[in-house]
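with the input below, show me the fold.
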Amino acid sequence: MTLLQAILLGIVQGLTEFLPVSSSGHLVLVPYLFGWQIPADQAFVFNVLVQIGTLVAVFVYFWGDLFEIARTFLAALARRQPAHPEARMGWLILIATIPAATFGLAFKSAVEAAFQSVTATGLFLLFTAGLLVAAERIGKRQRSMAQMTWRDALVVGLFQLLALFPGVSRSGSTITGGMARHLERGEAARFSFLIAVPIMLGAGLNSLVDLFRLPDVSAFLAPMLAGFVASAVVGYLSIRWLLGFLKRSPLYVFALYVGVVGGGTLVSVLI
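The predicted structure follows:
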């Protein structure tokens, strides 16, 4: 992987991690479209590590919320009374994290194999388009995060399972899960971004181990750092833009985009 490739892929990651268009799918398709021959072990580790860059973007944007949730959650644990709203939100984030964390560790090899299939990515992109349309059709958009229950969090967490595979948008699937529980569009997006923190942090730390097992790790560090910075900066801008967009606009434009990209990917493979 060259420095230029890493920067471009970092930008792609930052743009697509929070927009409901699948960052993992784009990180598979961009090298395919440009004919980049990136070793599979490097590609998988890099793809997960640049998520740490977008995780930094989440921390920066939601720093006040995350600090208050963590502080009150730990205080409530000490008192054994999760009465504070932010402490309760900490439990909801934890509940939503459990399904994807458990499945991801148990089926890591299957997930890694899926990242090598362009055909699977195209199919999953079409699936994401269907999810986004369904979110708009079934969601009543009447509830806020303050009204969420543990059942709501579990449903969103189960939807997050889908995002382990390339082409299924993590934000798209979790926003769909939130809207299926009738959260307002913007509130579903905020909860989606908050529950990204433990999953992305765990995946990033796990991939740090894989990174230092690579035979050419010293040559890979510079591209990794470049991709990290690019994804963090662009990711922050993407969060800011998307939250504003979702207050006034539906998800159909993203559904159309991933539908076209997914269909085009399958056509390119067949011909």
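
ok, residues contacting stretch 192-208?
Taking contacts as C-beta atoms under 8 Å, 6 or more residues apart in numbering, the residues outside stretch 192-208 that touch it are 18, 44-45, 48-49, 51-52, 54-55, 58-59, 61-62, 65-66, 69, 89, 93-94, 96-97, 100-101, 104, 156-157, 160, 170-171, 174-175, 178, 239. Using the backbone N, CA and C atoms, a C-beta is placed for each residue, glycine as well.

out of those, which are buried?
Among the contacts of stretch 192-208, those scoring as buried are 18, 44-45, 48-49, 51-52, 54-55, 58, 61-62, 66, 69, 89, 93-94, 96-97, 100-101, 104, 156-157, 160, 170-171, 174-175, 178, 239 (criterion: 16 or more other C-beta atoms under 10 Å).

returning to that earlier point: which of the contacts of stretch 192-208 fall in strands?
Per DSSP state E, strands hold no members of the contacts of stretch 192-208.

can you list which of these are found in helices?
Of the contacts of stretch 192-208, the ones assigned to helices by DSSP state H are 44-45, 48-49, 51-52, 54-55, 58-59, 61, 65-66, 69, 89, 93-94, 96-97, 100-101, 104, 156-157, 160, 170-171, 174-175, 178, 239.

where in the chain is pLDDT low?
41, 44, 80-84, 104-116, 207-208, 210-212, 214-219 (pLDDT under 70).

I'd like to know how far the residue in it sticking out farthest from the centre sits from Val21.
Computed with C-alpha atoms, centre = their mean, the maximum C-alpha offset from the centroid of the chain is found at Arg79, amounting to 33.1 Å. Going from Arg79 to Val21 by C-beta to C-beta, to the nearest Å gives 42 Å.

ditto for Leu131
Taking C-beta to C-beta, one finds Leu131 at 11 Å from Val21.

between these two, which contacts overlap?
By C-beta under 8 Å, 6+ apart, the residues touching both Leu131 and Val21 are Ser169, Gly172.

distance of the nearest residue to Pro166 once chain neighbours are set aside relative to Ser171?
Among residues not flanking Pro166 along the chain, Ser24 sits closest, at 4.1 Å (C-beta to C-beta, 6 or more residues apart in numbering). Ser24 sits at a distance of 11 Å from Ser171 (criterion: C-beta to C-beta).

please apply the same query to Val21.
9 Å.
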